[in-house]
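Undergrad: give me a model of this one.
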Amino acid sequence: MTGVPEGGCRGEPPAGEQADRIAAAVTAVPGVVGLHAGSFGEVGTYLPGRRVPGIRIGDEATEVHVSVGCDAPVRETAALIRRTVAAITEGPVHITIEDVVPPLPHPPEG
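TA: Model (predicted):
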């Protein structure tokens, strides 16, 4: 569970809004195939009636767990994710690359 109350703290937006902003920003990073909930589904921000998988907002840090495409440069992608999330939230940002997967197929042009 997260350590940030739904009402937020330290002038930050509510946890749900912040988790949604982080999730949208991370999934827009080139090379990121998707958020990853961890090996046992344990990574997420738990909110009333829903959950944001792959994002854990804690009192001390924010954790982001992702799957990246096999053609993505892993270190560079992780660094870009970290910079992207650091622009949204305060404190340390920890990135975990949970899986490397084939890139999503592109729809046929025509």
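
Undergrad: centre-most residue in the chain?
TA: Nearest to the mean C-alpha position of the chain, by C-alpha atoms, centre = their mean, lies V64 at 4.0 Å.

Undergrad: what sits closest to that residue if chain neighbours are left out?
TA: Closest residue to V64 apart from its sequence neighbours, by C-beta to C-beta, 6 or more residues apart in numbering: I95 at 5.3 Å. In short, each C-beta sits where N, CA and C put it, glycine included.

Undergrad: what is the neighbour count of that neighbour?
TA: 17 (other C-beta atoms under 10 Å).

Undergrad: if we can go back for a sec, so which strand or helix has the residue nearest to the centre of the chain?
TA: Taking DSSP states H and E as the criterion, V64 maps to strand 62-69.

Undergrad: now that strand: average pLDDT?
TA: When pLDDT is averaged over strand 62-69, the result is 98.

Undergrad: one more: stretch 91-101?
TA: On average, stretch 91-101 scores 97.

Undergrad: chain center to that stretch: distance?
TA: Centroid separation for stretch 91-101 versus its chain: 8 Å, with C-alpha atoms, centre = their mean, to the nearest Å.

Undergrad: just the buried positions in that stretch, please.
TA: 93-95, 97-98 (16 or more other C-beta atoms under 10 Å).

Undergrad: ok, residues contacting it?
TA: Contacts of stretch 91-101 with the rest of the structure, by C-beta atoms under 8 Å, 6 or more residues apart in numbering, involve 33, 36, 38-39, 43, 60-70, 72, 74, 77-78, 81-82, 85-86.

Undergrad: which strand or helix spans I22?
TA: Assigned by DSSP H and E, I22 falls in helix 15-27.

Undergrad: same question, V52
TA: strand 50-53.
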